[in-house]
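Asks: this is a predicted model, with the sequence first.
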Amino acid sequence: MSHKFEIYKDKAGEFRVRFSYNSEVMFSTQGYSSKSSAQNAIDSIKKNGPGAPTEDNT
């Protein structure tokens with residue numbers, strides 16, 4: 001698969017989510033205290049992301 005979400009634990013012991021496409025990390029989230037909160041972030045991105053507008057601040 002060329003794209004994936006990954007939940008991992010950072011050096012501070014918090015759970016984070018990163019999204020990779022073709023093995024390149026596209027973004028990483030803030031730290032969460034629980035794994036379930038990290039999974040909720042993934043679910044929210046999947047649900048709300050496709051309709052999100054693009055804001056150009058250039």
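Replies: Received, thanks.
Asks: what is the burial count for residue 7?
Replies: Residues near residue 7, counting by other C-beta atoms under 10 Å, number 15. (Each C-beta comes from the backbone N, C-alpha and C, glycine too.)
Asks: isn't there a strand covering it?
Replies: Yes - per DSSP: H, G, I helix; E, B strand; the rest coil, residue 7 lies within a strand segment.
Asks: so how far is residue 31 from it?
Replies: Distance, residue 7 to residue 31, using C-beta to C-beta, to the nearest Å: 11 Å.
Asks: joint contacts of those two?
Replies: Counting by C-beta atoms under 8 Å, 6 or more residues apart in numbering, the residues touching both residue 7 and residue 31 are 15-16.
Asks: what kind of secondary structure is the closest residue to residue 7 other than its chain neighbours in?
Replies: Among residues not flanking residue 7 along the chain, residue 38 sits closest, at 4.8 Å (C-beta to C-beta, 6 or more residues apart in numbering). What three-state DSSP gives for residue 38 is helix.
Asks: pretty sure residue 38 sits against residue 30.
Replies: No - judged on C-beta atoms under 8 Å, residue 38 makes no contact with residue 30 at a distance of 9.7 Å.
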